[in-house]
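> The following block contains a protein sequence and its predicted model.
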Amino acid sequence: MRPTLGPGCRAPIRGARWGTGGGGTSWRGREQPFTFPSRRRVIVEGGSRFWEGHVSLRHRSSGVLCAVVLVLGIAAAGPGPWSARPAAAAQTVKAVSLQVGATPARATVTWFARSTSGQRVEYGVATPAGRLPAAPVRRKAAARPASERGWSSVHAAMTGLRPGTTYAYRVGSHRSGWSSVSRFTTPAGEYGTFLAFGDPQLTRSGRTVNGAAGWARTLDTALRRHPRPRFVFSLGDQVNDPAASAEWDAFFAPPALRGQRLATLIGNHDQARRAPQYGQHVVAPNLVSTGRAPGTGNAYFVEGKTLVIALDSNEKRLAVHRDYLRKVIAANPRVTWRIVGFHHSPFSGSSHADDADVRAFRAGLTPEFGRQGIDLVLGGHDHSYVRTHLMNGPRISRRGSANPTVHRPRRGETLYLTLNSSSGSKMYPLVSGTPWAAKRDQGRRPTYTAVTTSATRLTASTYHDRGRRVDEVTLTR
Ligand SMILES: [Fe+2]
């Protein structure tokens with residue numbers, strides 16, 4: 001018997017493949033009843049997110065047991081004319097984000113919830129079927145009102161995580177409902193690969209969010225090529241308007257992101273005193289507030305033998321950064337690689353390269369990067385790709401070439417990478433007068449960079465969203 005597919009037919013989603021073009025990310029969320037509003041087009045909502053596309057159905061025996069394949073057309077936000085209302089529980093949790101802790105043994109989950117009471121995370125070593133164990137660890141969450149009306153900002157820590165282990169988790173409460181169960185695998189060993197992304201800067205325009213599909217596609221491409229990164233690093237300007245909840249929802253929407261530990265920088269577009277959503281979505285490890293907005297400031301974490309320092313470049317007082325760098329470097333002497341994330345790249349290739357604040361960072365902060373033995377600085381803000389020569393403070397110390405390059409840095413020498421937009425929402429033309437650049441690219445494609453470390457080599461490989469390699473550079477010990 002074929003299921004009835006007309007308006008009003010209800011069926012559970014047993015699994016969905018979503019993605020754009022030929023790619024796809026498997027999503028095996030729990031069943032969420034929804035109503036088919038039309039024969040061919042549906043929108044499946046989760047909180048204020050939704051995915052619009054086409055469905056095909058393979059029934060088993062009746063109209064209430066269907067396997068659904070959902071092929072995405074666009075990713076967007078806001079209610080649509082074909083909205084399929086999900087179960088009430090599915091609307092009580094949104095923007096679930098798995099984030100790095102101070103070490104790989106810890107992770108933080110953040111989310112927005114309708115209710116503050118009883119919120120918690122449940123987690124444990126995933127069963128062979130990828131489910132939560134029968135007796136998961138239950139951690140009470142901290143909740144406070146969010147600036148988005150009707151929602152609370154919630155976060156909880158997962159601790160005692162073992163290396164190389166796949167965990168399952170969900171967030172919410174028995175009273176108000178749960179997120180779907182997600183899985184992630186903790187890194188093993190002291191080295192590996194992480195994935196860096198510049199300026200998604202998702203931008204709401206009417207009922208759509210520009211860049212949302214590109215962001216999801218670039219993530220998808222990166223994770224297909226590098227399926228087990230240690231973590232994912234977004235280098236600032238996650239959104240365009242920090243008060244636009246739909247932009248934050250779209251940033252956290254790709255289900256693949258809930259299977260990776262995320263680290264972020266705050267960018268200039270993420271901050272606003274009256275829209276402090278960045279600090280409501282992000283819990284940065286080892287945070288020292290710069291006093292600009294709750295939950296923002298300088299942070300760091302240690303990934304095996306790599307120290308990652310995430311500076312808040314909206315803070316223009318150079319002494320604040322110098323002081324933080326000195327303390328963090330002194331407290332973590334036994335690492336092989338020191339990497340800084342800094343949204344306002346001091347050495348970029350487009351119009352921001354000549355901004356007053358960028359010039360001040362170039363002149364006044366880069367010497368400290370050299371003194372503190374920083375190997376690599378990752379930045380964004382200028383929406384084009386630049387790899388520098390080896391720099392000593394603001395000066396070119398040793399030249400690289402536009403071809404794949406191997407450097408053996410001496411004391412005081414630092415390499416800088418500026419990443420292009422990872423979503424394609426905005427691309428800036430290259431400008432003249434950037435003598436620090438060994439390699440520049442404005443391919444008008446979203447890009448990402450894979451950084452792979454070993455005890456003797458650090459290689460940063462940059463790719464367009466469709467997989468073509470743009471550049472590669474290696475630092476050796
Ligand atoms: Fe920016």
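Structure received. Note that the structure is predicted; figures quoted are calculated from it, not measured.
> Could you find the residue in this structure that comes nearest to the ion?
residue 381 (3.8 Å; C-beta to the ion). Placement of C-beta: from N, CA and C, glycine included.
> Any idea how many residues pack against that residue?
29 (other C-beta atoms under 10 Å).
> wait, doesn't it sit right on residue 265?
No: at 9.8 Å, residue 381 and residue 265 do not qualify as touching, with contact defined as C-beta atoms under 8 Å.
> what about stretch 347-357 and the ion, any contact?
No: contact of stretch 347-357 with the ion (C-beta under 5 Å from the ion) is absent, the minimum separation being 7.5 Å.
> Could you give the separation of that stretch from the chain centroid?
24 Å (C-alpha atoms, centre = their mean, to the nearest Å).
> which residues touch that stretch?
316, 344-345, 358, 362, 366, 379, 381-386, 388, 391, 416, 418, 428-431, 433-434, 436-437, 440, 442 (C-beta atoms under 8 Å, 6 or more residues apart in numbering).
> Report the mean confidence score over that stretch.
Averaging pLDDT along stretch 347-357 yields 98.
> First-to-last residue distance for that stretch?
12 Å (C-alpha to C-alpha, to the nearest Å).
> what does this protein put close to the ion?
Counting by C-beta under 5 Å from the ion, the residues of the chain close to the ion are 237, 267-268, 381.
> redo that, cut-off 6 Å
Residues of the chain lying close to the ion by C-beta under 6 Å from the ion are 237, 267-269, 343, 381.
> out of the residues you listed, which are inside strands?
residue 343 (DSSP state E).
> In the stretch 351-477 of the chain, mark out all the helices, start to finish.
356-364, 366-371 (DSSP state H, counting those that start in this stretch).
> Pick the most deeply packed of those helices.
helix 366-371 (a mean of 21; mean count of other C-beta atoms under 10 Å).
> Quick check: phi and psi on residue 185?
Backbone torsions of residue 185, given as degrees, to the nearest 10, read phi -110, psi 130.
> how near is it to residue 159?
Distance, residue 185 to residue 159, by C-beta to C-beta, to the nearest Å: 17 Å.
> out of these two, which sits in the more crowded spot?
Between residue 185 and residue 159, residue 185 has the larger neighbour count (other C-beta under 10 Å), namely 17 against 13.
> Spatially nearest residue to the more buried one (excluding sequence neighbours)?
Distance criterion C-beta to C-beta, 6 or more residues apart in numbering; nearest residue to residue 185, sequence neighbours excluded, is residue 166 at 4.6 Å.
> Filter the contacts of stretch 347-357 down to the ones in strands?
Going by DSSP E, the strands hold 344, 379, 385-386, 388, 391, 416, 418, 437, 440 from the contacts of stretch 347-357.
> What about those, which one has the most neighbours?
Ranking these using other C-beta under 10 Å puts residue 418 first, with 32 neighbours.
> sorry, back to before: just put the residues of the chain next to the ion in TSV and tack on pLDDT.
Shown next, in TSV, are the residues of the chain next to the ion (pLDDT from 0 to 100):
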residue	pLDDT
237	97
267	96
268	95
269	95
343	98
381	98
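> so which of the residues of the chain next to the ion comes closest to residue 141?
Residue 141 lies nearest to residue 267 out of the residues of the chain next to the ion, by C-beta to C-beta, at 26.6 Å.
> my guess is the closest one contacts residue 197, does it?
No: counting by C-beta under 8 Å, residue 267 does not reach residue 197; the two are 11.8 Å apart.
> Mutual contacts of those two, please.
residue 235.
> got any ranges where this structure has weak pLDDT?
Applying pLDDT under 70 to the chain picks out residues 1-91, 273-275.
> go again using 80 as the cut-off
The model of the chain has pLDDT under 80 over residues 1-91, 272-275.
> mind giving me the domain split of it?
Under the assignment automatic domain parsing, the domains of the chain span 9-89, 92-185, 193-476.
> Deepest in the core, which of these is it.
With neighbours taken as mean count of other C-beta under 10 Å, those reach their highest mean count in domain 193-476, at a mean of 21.
> what's the first-to-last distance across that one?
16 Å.
> could you list every residue that touches residue 341?
196, 233, 235-236, 263, 265, 308-311, 377-379.
> Surely residue 402 and residue 472 touch.
No: here residue 402 lies out of contact with residue 472, judged by C-beta under 8 Å, at a distance of 11.3 Å.
> thinking residue 278 is in contact with residue 269, fair?
No: in this structure, residue 278 is not within contact of residue 269 by C-beta under 8 Å, at 9.7 Å.
> one step back: return every residue with contacts to both of residue 381 and residue 265.
Common neighbours of residue 381 and residue 265 (C-beta under 8 Å, 6+ apart) are 236, 313, 343.
> so which helix or strand takes in residue 329?
helix 318-331 (DSSP states H and E).
> and if you look at residue 251?
Residue-wise, residue 251 maps onto helix 245-252 under DSSP H and E.
> mind listing what the nearest residue to residue 399 once chain neighbours are set aside touches?
Leaving aside its sequence neighbours, residue 399 sits nearest to residue 389 (C-beta to C-beta, 6+ apart; 4.8 Å). Applying C-beta under 8 Å, 6+ apart to residue 389 gives the contacts 396-400, 436-438.
> okay if I get those residues as a markdown table plus distance to residue 468?
Shown next, in a markdown table, are these (distance: C-beta to C-beta, whole Å):
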| residue | distance to residue 468 |
| --- | --- |
| 396 | 28 |
| 397 | 30 |
| 398 | 28 |
| 399 | 25 |
| 400 | 21 |
| 436 | 25 |
| 437 | 20 |
| 438 | 19 |
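> need the contact list for residue 121.
So residue 121 contacts 109, 138-139, 141, 156, 158, 169-171 (C-beta under 8 Å, 6+ apart).
> ok, and the closest non-adjacent residue to it?
Nearest to residue 121 is residue 156, by C-beta to C-beta, 6+ apart, at 4.1 Å.
> what's near enough to touch that neighbour?
Going by C-beta under 8 Å, 6+ apart, the list of residues near residue 156 reads 108-109, 119-121, 139-142, 171.
> Including secondary structure, could those go into a markdown table?
Output for those, formatted as a markdown table (DSSP: H, G, I helix; E, B strand; the rest coil):
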| residue | secondary structure |
| --- | --- |
| 108 | strand |
| 109 | strand |
| 119 | coil |
| 120 | strand |
| 121 | strand |
| 139 | strand |
| 140 | strand |
| 141 | coil |
| 142 | strand |
| 171 | strand |
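> I figured residue 373 hits residue 339, correct?
No: the criterion here is C-beta under 8 Å, and residue 373 misses it with residue 339 at 11.2 Å.
> Residue 204 pairs with what?
Counting by DSSP bridges, residue 204 forms beta bridges with residue 209.
> show me the residues around it that make contact.
Residues near residue 204 by C-beta under 8 Å, 6+ apart: 77, 210, 240-241, 244, 246-247.
> ok, so of those, who is nearest residue 190?
When the contacts of residue 204 are compared against residue 190 (criterion: C-beta to C-beta), the nearest one is residue 247, at 36.5 Å.
> So the closest one is in contact with residue 241, correct?
Yes: contact criterion C-beta under 8 Å: residue 247 and residue 241 qualify, at 6.1 Å.
> Overlap of the contact sets of these two?
By the contact definition C-beta under 8 Å, 6+ apart, residue 247 and residue 241 are jointly contacted by 203-204.
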